[in-house]
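Enquirer: 3D, please:
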Amino acid sequence: MSSLDQGIKSISGLSSNVIPVSVLESHNPVILRGFISEWPSVQAANKSAINVIGYLEKFSTDEPWTVFRGEPEIDGRVFYNADFTGFNYKVLGRTFKELISDLKQCLSQSNAPMLYVGSTMIDRWLPGFRTENDIEITSHSALASIWMGNRSRIAAHYDFASNIACCVAGRRKFTLFPPNQLENLYVGPLDFNPAGQPISLVDFKNPDFEKFPKFKKALESAIEVELEPGDALLIPSMWWHHVEALEDFNVLVNYWWRNSPRYMGSPLNVLQHAVMGLRDLPPEQRKVWQQLFKYYVFEPSEENFEHIPKQAKGVLNEMSEQMSRDIRNLLINRLKR
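Expert: Residues are numbered from 1 along each chain as shown. Reported below is the predicted structural model:
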């Protein structure tokens, strides 16, 4: 059964063993209510935080986890420090037992520090978990990760990969924006950020509309979704999403996949290279390069290149893994000069 949930498609009754291709390839977010409710981890979480912690412990190893620890004053917001010379949290290495001990202590504190575990590969850090708790994405090669901690606020960002976020324990609030809201979200540095992706500099809990006036325009397009244990959310590639963990103990499992071959690499690398090589050219030269990118990259057509013999087209031929490898080696050698 499907319906609209605050302007977003909501589907209930789906089994995690069968995901329609129409969902996986959707260009808009989709809520999947009760999608993973049969998972043993979710059933444990529905009893109590201590119960699901005990369930997770049986899969743990001695492999250190990367943990962000922030003082209570940051109110769970993972962000930069005051002068943007670093971040407002410390990065710790903790075994699962140490992490859980810290989180259990926080359960009884009214003003607890933030403890946040970001994207962590399940198969390495919790081997065996997916034997009992998994979804079927047979048409795509997906990377499964776990996110865990107490109350936190993750700044709006996008991911190149498409994503199904599954709420196991606690509650998660997502605030979603379509890709065309880029200029209204006041995005920070491309190459210096908490987790590798550029983030919005707006504090969603206390937005400063004098400093960020266009954020009001972004809010007109915002979609808010709250997930309970057992729910999931499809976030299409390049959609901006701000994520809040709302309880004293929260667990989320997500699956990332891309709709293009991995050998093509990350478009963010291309963007950064373009910033280096094109942005500061004289305006007339930039216009010419804009036309070249349109011709070769954004709006190519077969007739543009049909006058070139196939054996001479080189990189203008259909991309392949070998060609991608050759281009990468060529670029590495040129960048070394």
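
Enquirer: can you tell me how far the residue nearest to Glu247 when sequence neighbours are not counted sits from Ser119?
Expert: Excluding its sequence neighbours, the residue lying closest to Glu247 (CB to CB, 6 or more residues apart in numbering) is Gly170, at 3.5 Å. For every residue, glycine as well, the C-beta is placed using N, CA and C. Using CB to CB, to the nearest Å, one gets 17 Å for the distance from Gly170 to Ser119.

Enquirer: higher neighbour count, the two?
Expert: Gly170 (23 against 15; other CB atoms under 10 Å).

Enquirer: correct me, but that one touches Gly230?
Expert: No: using CB atoms under 8 Å, Gly170 makes no contact with Gly230, being 11.8 Å away.

Enquirer: from the chain's centroid, how far away is the helix or strand that Arg130 is a member of?
Expert: For Arg130, the host element (DSSP states H and E) is helix 129-132. From the chain centre to the centre of helix 129-132 is a distance of 22 Å (CA atoms, centre = their mean, to the nearest Å).

Enquirer: what packs against it?
Expert: Secondary-structure packing of helix 129-132 (3 or more CB pairs under 8 Å, 6 or more residues apart in numbering; DSSP states H and E): helix 40-47, helix 122-125.

Enquirer: quick one: mean pLDDT over it.
Expert: Regarding helix 129-132, the rounded mean pLDDT is 96.

Enquirer: and for stretch 223-237?
Expert: Stretch 223-237 shows a mean pLDDT of 96.

Enquirer: first vs last residue of that stretch, how far apart are they?
Expert: Criterion CA to CA, to the nearest Å; first-to-last residue distance in stretch 223-237 is 16 Å.

Enquirer: same question, stretch 81-100
Expert: 27 Å.

Enquirer: same question for stretch 14-22.
Expert: Stretch 14-22 has an end-to-end distance of 13 Å (criterion: CA to CA).

Enquirer: what about that stretch, distance to the chain center?
Expert: 21 Å.

Enquirer: who's in contact with it?
Expert: Applying CB atoms under 8 Å, 6 or more residues apart in numbering, the contact partners of stretch 14-22 are Val23, Leu32, Phe35, Ile36, Glu38, Trp39, Asp134, Ile135, Glu136, Ile137, Ser139, Ile164.
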